[in-house]
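Asks: pasting the sequence and the predicted coordinates here, then a few questions.
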Amino acid sequence: MFLNEFKYFILSTLREKMLIRWLILFPMLLGTMFKLTMSGLSEKEFNFRAIPTAVVLENDDGIFRDVIKQVSEGDDPLLKVTYADSEEAEKLLKDGEVEGIITSGDTVSLTVAGSDMEETVLKAFTDRYLTQEKLIKDAAEKDPASLPALTESLTEELDVLEEKSVTEGVNDRYIIYYYNLLAMVAVCSSVTGLSVVTQNEADQSPLGARKCCSPTPKLISTLAVMLGCWAVGAFCMVTSVTFLAFVLRVGFGSRLGYVYAGGILGSIMGSSLGFMIASLVRGSYEKKNAVAMTVSLGGSFLSGLMVGNIKPILMEKAPIVNTLNPPAVICDCFYYLNIDSGLDRYLGKMAEMLAMTVVFTMIGFVFTRRRKYASL
Amino acid sequence: MQVFKLFMLILKKKLPLSVTIMIVFMLLYAGMAFLDDNDDKFTESKLDIVINDLDDTPESRALTEFIGKKHNIVTPTMPLKDALYFATVDYSLTINKGYSEKLTSDDTSGMFVEQHVYDSYSVAYMSSWLDEYVSCVRACTASGESLTDAISSAEEAMTLYTEVTYMSSDAGNANGMTSGSGFFRYLPFIFLSLMITVLSSVMMSINDKEVRFRTNCSKIRTTSFVLQILAGSVVYVLAVWVVFMLLGMAFSGGIYSGTAWLNVVNSGIFAVISAFIAVLISLLLRTQASLNLVCNTLSISMSFLCGVFIPQSLLGDTVLSIGRFFPAFWYVKVSNMLTGAELYSSAKVTQYMLIEVCFAAAIGAAVLLVYKLKVRSSE
């Protein structure tokens, strides 16, 4: 009987068009949108590029011209320079063609039209020029004999910094959106989890009423539907991960097997969440569905599916939300897999998901057991 | 006015959903509006830096103190790699053991270790700044000063700041990546969600086959029926639009002025487009069950492709080419000009708004066509 129920539950669920649309097609569409709009976005948004700058030379200062030449040439130039007169430079700034105007007259001055990091870097550059100029002037006044040593030291190439990488995984902040997308697929599996109650309770559906009359023990029937839910959720998740990894070529790193494992456990947790919600919320299927969708999408919002910045804010201000919010737990699981070289934190999140699955399932069983009906 | 009353009756049932969506968006707006600031003077960006001083000498402490005068030295509330990844910390600097000795020796390699996620402007800035600091201290020691005096002289020289003039420019914001995130930028997504979820649903209930057949049997003429539905739709669209315009006023702290009124007109045109789209969907869909999915698919796709969620300046050419075929693209173009993300040109604003009006007319014509075909098929 168990296998029969299990088989027919899976077949009937997979024939539900809405389920296929929401749990398979919608994530595919959303993933495609993410891919279309976010590929290369991190580099565009965060990576340093030579800053377009207009340079106005009021006095023909050879030293300043040399300095500008030095920083605007080579492999990693700081500035992308356009020499202009002041009127032309102002027009370039107004048109947004340059970030700032560096004017070399009696002293070096800067004109900007914003307060972003680019303008700050420009100011740091001009500050540095003024600093060196001051040091040379001071030394010339105090002890002219020390000038050669000082200038030699100022022009010396230094290598003071060593870089240590933060992660060996994918260095793309926007990949969090894909993790959240998978988390959404997992928690939206809660909609299938509702069936564990609605298909087994006599007051929920005609099928439930028929099942209550049948000789199959309720535990067997519930377990069969429950496992069926887990299987359907896992199928949807595997489809989504495969689509993201092999069709959209989202960089999940070299540990794709662990991504599948995390996703499957997440979808099982999502189905169990649905089972718990259906057992706790009294009333129609629509009511249970509304609560499940609210919990799933609300949790996804708090995990950063809609506004990516919400995750770090909660990590700082209310870490407990991230610990208890199922989509955030799933998202963190993928995130730790990417950022850490070890598996400690990933396994910690997997254990948390497992614990949540057990708790949700237990609550579901407790609130659906021993139901008796006066009439069917 | 029987049909109008029926329209309002069904709308009333959908109102809680509409109000919920509005409240959620308003709360989101409240958060976003406070992030969107426009200064009229230049302020140097301050970085959040984590410093790990392994050297722990007077020289390393002096450096830490000096960095603290220009930037915020923070202690992360989460693991450092997470803080760097999520940019709650901009830069992590470790002052290696032996820093003070290396200040005066020939070998300066490995004085510091830096950690960051991207080779960003902040990283370029800090690398250059540290280089400058060490260079100045070494120059002062080379000129005969003691290390303590050299540090003081270097710090004094490094507090000499360039005179910065701030020029107000319409394109000033365009230089920044996060600009254009005004109140109006997100309205296409909200209007589409609100119109499709509520208006389509009401229209589908009214145009339900059985209801439609009963209405056809009644004495109400088709023209009157259509006009009453139109009146009901206008009331709803107007109500939604007015609520958001009032909200915009609340966030901007007063009545709109100058070119901000163009934003109001622009959003009005888009509200009409959204309503037409909603009506078209209601005519094309067979069941209400798939309405939510269509709503999400359409509103999210259009928002992603047209630059509602991600600024158009960051989108690739292919995406922008596809986006041109959607009205939201032209809406965002106008909004960008009015919020300073693109250079303002009244001719272009008019041109883009006219394109939106053409979209409205085209979708409106499609609605009439589909409606006529449906009416004929039901007759």
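Replies: Yep, it's here.
Asks: Provide a list of residues in contact with the residue nearest to residue A:205 when sequence neighbours are not counted.
Replies: Counting by CB to CB, 6 or more residues apart in numbering or on different chains, residue A:198 is the residue found nearest to residue A:205 once chain neighbours are left out, at 5.3 Å. The way it works is simple: take the backbone N, C-alpha and C, and place the C-beta from them, glycine included. Listed by CB atoms under 8 Å, 6 or more residues apart in numbering or on different chains, the contact partners of residue A:198 are A:204-205, A:208, A:278, A:285, A:288.
Asks: run a quick neighbour tally on residue A:62.
Replies: 9 (other CB atoms under 10 Å in any protein chain shown).
Asks: now it: how far from chain B?
Replies: Separation of residue A:62 from chain B (CB to the nearest CB, to the nearest Å) stands at 20 Å.
Asks: report pLDDT for that residue.
Replies: The pLDDT attached to residue A:62 in the predicted structure is 77.
Asks: check contacts around it.
Replies: Going by CB under 8 Å, 6+ apart, the list of residues near residue A:62 is empty.
Asks: what two of the contacts of residue A:198 are the furthest from one another?
Replies: A:208 and A:288 (12.9 Å; CB to CB).
Asks: these two: who's more crowded?
Replies: residue A:288 (24 against 19).
Asks: which helices and strands sit right next to the helix or strand hosting the more buried one?
Replies: Element membership for residue A:288, per DSSP states H and E: helix A:285-303. Helices and strands touching helix A:285-303, by 3 or more CB pairs under 8 Å, 6 or more residues apart in numbering or on different chains; DSSP states H and E, are helix A:175-188, helix A:190-198, helix A:256-280, helix A:310-317, helix A:326-339.
Asks: please name every helix or strand in contact with the shortest one.
Replies: Read that as helix A:310-317. Going by 3+ CB pairs under 8 Å, 6+ apart, helix A:310-317 lies up against helix A:285-303, helix A:319-324, helix A:326-339.
Asks: if we use 7 Å, what do you get?
Replies: helix A:285-303, helix A:319-324 (3 or more CB pairs under 7 Å, 6 or more residues apart in numbering or on different chains; DSSP states H and E).
Asks: in JSON lines: those helices, plus distance to residue A:67.
Replies: Listed next are the helices and strands packed on helix A:310-317 as JSON lines, based on distance: least, CB to CB, whole Å:
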{"stretch": "helix A:285-303", "distance to residue A:67": "49"}
{"stretch": "helix A:319-324", "distance to residue A:67": "48"}
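Asks: dump the ones you listed to JSON lines, plus mean pLDDT.
Replies: Shown next, in JSON lines, are these (pLDDT from 0 to 100):
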{"stretch": "helix A:285-303", "mean pLDDT": "85"}
{"stretch": "helix A:319-324", "mean pLDDT": "92"}
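Asks: which of the ones you listed sits most buried?
Replies: helix A:285-303 (a mean of 19; mean count of other CB atoms under 10 Å in any protein chain shown).
Asks: sorry, back to before: closest one to residue A:90 among the helices and strands packed on helix A:310-317?
Replies: That would be helix A:285-303 among those, by CB to CB, at 45.0 Å.
Asks: pull the CA atoms of that closest one into CSV?
Replies: Extracted C-alpha coordinates of helix A:285-303, given in CSV (Å, rounded to 0.1, in the frame of the first residue of the first chain):
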residue,chain,number,x,y,z
TYR,A,285,-6.6,24.7,1.5
GLU,A,286,-6.5,28.3,0.2
LYS,A,287,-5.9,29.6,3.8
LYS,A,288,-3.1,27.1,4.4
ASN,A,289,-1.6,27.9,0.9
ALA,A,290,-1.7,31.7,1.7
VAL,A,291,0.1,31.2,5.0
ALA,A,292,2.7,28.9,3.3
MET,A,293,3.3,31.4,0.5
THR,A,294,3.6,34.3,3.0
VAL,A,295,6.1,32.4,5.1
SER,A,296,8.1,31.3,2.1
LEU,A,297,8.2,34.6,0.3
GLY,A,298,8.5,36.6,3.5
GLY,A,299,11.4,34.4,4.5
SER,A,300,12.9,34.8,1.0
PHE,A,301,12.7,38.5,1.3
LEU,A,302,14.5,38.5,4.7
SER,A,303,17.1,36.2,3.1
